[in-house]
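J.: Sequence unavailable; structure follows:
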């Protein structure tokens, strides 16, 4: 989606949320007293949607105090308090001129932005890379489109753990690419650091009145605004120092923040790796396996073991990503060998097929929509087929596959998320989160298209005590080994809950009902 299209979409959302056009004044802050003799730097800040420039004053003033430099701050105000692509250049030029008119002499300019402002700013700097020595994105991140080619401006990304608009799972994705899998991690700490401030929300990058859309969707803060501003200002000024003179103390501040961020994000990254997240690496599909793509879904490999139900014999599965609707060629699950008896020496090998399906709106890369797979379409071999391949005789299909096995696998995904989340996250979710409850499998949908196009269901409900729950129900297709269509015999397909979706639910979406900032 182009920036103009993104602007139109956001404008519509603003109108629906009841935002009104408010036009105020640009803000220029001179350096704080006592730093007039030190080196100057200019900081141009682009506002987030419907947040006035003056609402960023506490953060900017904290950054001025924390910096060893004499920091000039300029915040241009856009019409409707809404930064848009056609006016970014004019706003930047206007505020820089105002800063110079007020006495700024330096040509060293760092740009920063919050939320939607960050989306607009990064495109501006991509096209005007000589304009600044660095970029700082707050509650924002470099878009996916900037991964295929090197982004030209060093960028610090800061996210809040409890940001309900620019979700922490999207910040994780930025960390994965910009730090964890950077070609040179030491250089990346200086040029593209990514940090998460724990306990911080989207609004805490600013202050004052909360815009309606933010109030509807942001989460509750667990640190004060003052503490949030100090934490962000420390990272901002460290990045600025590194960009200006490579200060080693400032670099250690960034390194420490990145290490803390790494520890915090580990459970989320592990969950997304189990999914085979398409935005880590593209799926191989029909391409030859290579380090540039992901062969299959690790979680489906675990699912096939659960589906197989072997207690003594073993099953080693290799999953492969393919569009499940593809028919030329068609991709089906297979068991590759047989055993004479189901002993511990029996090791079956199987191939399964998976496709991760993502929310269509996530293609806009807003960070507001869940980033994990909505469902994993998994083509598995039936328990009956696995048991007979292992050497069991005359396995009854209704006994082996008649229950809701997909439900069991989905419960395992949810349990994995509960057990592997960070301790503070798990405690918070158990206290104020909406729990997931697995319902019985839907089906069988033994006509292929019915199974493919009937989605897994996520529905709000009530438990016995009246509390809100999120019921998850898989959609399944199952056939006995003697099915009349031989090519479709011995299957048990499931719409799987991704462990990444369960994890993301714990960190963000499952908190909205009871822990949203708009809730008492």
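T.: Structure received. Small disclaimer: the values here were computed from a predicted structure and weren't measured.
J.: any idea which helix is longest in this protein?
T.: Longest helix in the chain, counting residues (DSSP state H): helix 248-275.
J.: Next SSE downstream of that one?
T.: Using DSSP states H and E, the helix or strand that follows helix 248-275 in sequence is strand 282-283.
J.: Determine how far that next one lies from the middle of the whole chain.
T.: A distance of 17 Å separates the centroid of the chain from that of strand 282-283, by CA atoms, centre = their mean, to the nearest Å.
J.: do the same with stretch 374-387
T.: Centre to centre, stretch against its chain (CA atoms, centre = their mean), the figure for stretch 374-387 is 27 Å.
J.: Pull the residues that contact stretch 381-397.
T.: 304, 307-310, 313, 315, 333-335, 337-343, 346, 348, 350, 352, 400-401, 405, 478-481, 489-492 (CB atoms under 8 Å, 6 or more residues apart in numbering). Using the backbone N, CA and C atoms, a C-beta is placed for each residue, glycine as well.
J.: Need the buried ones from the residues you listed selected in PyMOL.
T.: Only the buried members of these end up in this PyMOL selection, burial being decided by 16 or more other CB atoms under 10 Å:
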select buried, resi 304+307+308+309+310+313+315+333+335+339+342+346+348+350+352+400+401+405+478+479+480+481+490+491+492
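J.: Helices - which of the contacts of stretch 381-397 land there?
T.: Checking the contacts of stretch 381-397 against DSSP H, those in helices are 304, 307, 308, 400, 401, 405.
J.: and residue 356, helix, strand or coil?
T.: Secondary structure, DSSP: H, G, I helix; E, B strand; the rest coil: residue 356 is strand.
J.: do residue 494 as well
T.: Residue 494 - assigned by three-state DSSP - is strand.
J.: what's the burial count for it?
T.: By other CB atoms under 10 Å, the residues close to residue 494 number 32.
J.: For it, name its beta-bridge partners.
T.: Note on residue 494: beta-bridge partners residue 378, residue 476, judged by DSSP bridges.
J.: wait, it sits on residue 375?
T.: No: Residue 494 lies out of contact with residue 375 (CB atoms under 8 Å); the separation is 9.4 Å.
J.: coming back round to it: avg pLDDT for the longest helix of the chain?
T.: Here helix 248-275 scores 98 as its mean pLDDT.
J.: That helix: which residues count as buried?
T.: For helix 248-275, the neighbour count (16+ other CB under 10 Å) marks 250-251, 253-254, 257-258, 261-262, 264-265, 267-269, 271-275 as buried.
J.: in the stretch 51-200 of the chain, which spans are helices?
T.: 57-66, 88-101, 116-127, 168-175, 185-191 (DSSP state H, counting those that start in this stretch).
J.: Mean neighbour count, those helices: which tops it?
T.: For those, ranked by mean neighbour count under the definition mean count of other CB atoms under 10 Å, the leader is helix 168-175 at a mean of 26.
J.: who's in contact with that helix?
T.: Against helix 168-175 from outside (CB under 8 Å, 6+ apart): 141-142, 157, 159-163, 194, 196, 261-262, 265, 268-269, 272, 279-280, 367, 370-372, 504, 507-508.
J.: quick one, that helix and helix 248-275 angle?
T.: Between the axes of helix 168-175 and helix 248-275, defined by axes from the mean of the first three to the mean of the last three CA atoms, to 10 degrees, the angle is 110 degrees.
J.: Adding distance to residue 320 and mean pLDDT, write the helices of the stretch 51-200 of the chain out as a markdown table.
T.: Shown next, in a markdown table, are the helices of the stretch 51-200 of the chain (distance: least, CB to CB, whole Å; pLDDT from 0 to 100):
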| stretch | distance to residue 320 | mean pLDDT |
| --- | --- | --- |
| helix 57-66 | 48 | 98 |
| helix 88-101 | 44 | 97 |
| helix 116-127 | 36 | 97 |
| helix 168-175 | 24 | 98 |
| helix 185-191 | 31 | 96 |
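J.: Any chance of JSON lines for those helices, columns distance to residue 435?
T.: Listed next are the helices of the stretch 51-200 of the chain as JSON lines, based on distance: least, CB to CB, whole Å:
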{"stretch": "helix 57-66", "distance to residue 435": "36"}
{"stretch": "helix 88-101", "distance to residue 435": "43"}
{"stretch": "helix 116-127", "distance to residue 435": "33"}
{"stretch": "helix 168-175", "distance to residue 435": "19"}
{"stretch": "helix 185-191", "distance to residue 435": "38"}
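J.: one step back: helices or strands next to the longest helix of the chain in the packing?
T.: helix 168-175, helix 185-191, strand 194-197, helix 225-245, helix 298-308, helix 405-420, helix 499-507 (3 or more CB pairs under 8 Å, 6 or more residues apart in numbering; DSSP states H and E).
J.: Residue 490 against residue 483, yeah?
T.: Yes: assessed by CB under 8 Å, residue 490 is found in contact with residue 483 at 7.2 Å.
J.: Relative to residue 266, how far out is residue 463?
T.: 31 Å (CB to CB, to the nearest Å).
J.: actually residue 310, sorry about that
T.: According to CB to CB, residue 310 and residue 266 sit 31 Å apart.
J.: can you check residue 45 too?
T.: Residue 45 is 32 Å from residue 266, by CB to CB.
J.: picking that back up, nearest to residue 361, out of the helices and strands packed on helix 248-275?
T.: Closest approach to residue 361 among the helices and strands packed on helix 248-275 (CB to CB): helix 168-175, 12.8 Å.
J.: The contacts of stretch 381-397 in strands, which ones?
T.: 315, 334, 335, 348, 350, 352, 478, 492 (DSSP state E).
J.: ok now do the first one, which residues does it touch?
T.: Residue 315 makes contacts with 304, 305, 308, 347, 348, 349, 350, 386, 390, as judged by CB under 8 Å, 6+ apart.
J.: Please identify which of the helices and strands packed on helix 248-275 is closest to residue 74.
T.: Per CB to CB, nearest to residue 74 of those: helix 225-245, 14.6 Å.
J.: elements contacting that closest one?
T.: Helices and strands touching helix 225-245, by 3+ CB pairs under 8 Å, 6+ apart, are strand 40-46, helix 57-66, strand 109-114, strand 134-138, strand 155-160, strand 194-197, helix 248-275.
J.: In a markdown table, list the ones you listed along with distance to residue 88.
T.: Listed next are the helices and strands packed on helix 225-245 as a markdown table, based on distance: least, CB to CB, whole Å:
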| stretch | distance to residue 88 |
| --- | --- |
| strand 40-46 | 7 |
| helix 57-66 | 19 |
| strand 109-114 | 10 |
| strand 134-138 | 13 |
| strand 155-160 | 16 |
| strand 194-197 | 23 |
| helix 248-275 | 27 |
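J.: I'd like to know which of those lies nearest to residue 434.
T.: helix 248-275 (18.2 Å).
J.: relative orientation of the closest one and helix 405-420 in degrees?
T.: Helix 248-275 and helix 405-420 are oriented at 160 degrees to each other (the same axes, to 10 degrees).
J.: what angle do helix 248-275 and helix 499-507 make?
T.: 120 degrees.
J.: what about residue 79, neighbour count?
T.: 12.
J.: Verify the stated contact: it with residue 86.
T.: No: applying CB under 8 Å as the test, residue 79 and residue 86 come out as separate, 10.4 Å apart.
J.: before we move on, back to that, which pair of the ones in helices among the contacts of stretch 381-397 spans the longest distance?
T.: Top of the distance list for those (CB to CB): 304 and 400, 14.4 Å.
J.: picking up where we left off before, could the ones in helices among the contacts of stretch 381-397 go into a markdown table alongside distance to residue 25 and pLDDT?
T.: Output for the ones in helices among the contacts of stretch 381-397, formatted as a markdown table (distance: CB to CB, whole Å; pLDDT from 0 to 100):
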| residue | distance to residue 25 | pLDDT |
| --- | --- | --- |
| 304 | 63 | 98 |
| 307 | 64 | 98 |
| 308 | 68 | 98 |
| 400 | 72 | 98 |
| 401 | 69 | 98 |
| 405 | 63 | 98 |
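J.: Sort out which one of those lies nearest residue 91 for me.
T.: For those, the nearest to residue 91 is residue 304 (55.1 Å; CB to CB).
J.: quick one: contacts for residue 490?
T.: Contacts of residue 490 (CB under 8 Å, 6+ apart): 381, 382, 384, 385, 479, 480, 481, 483.
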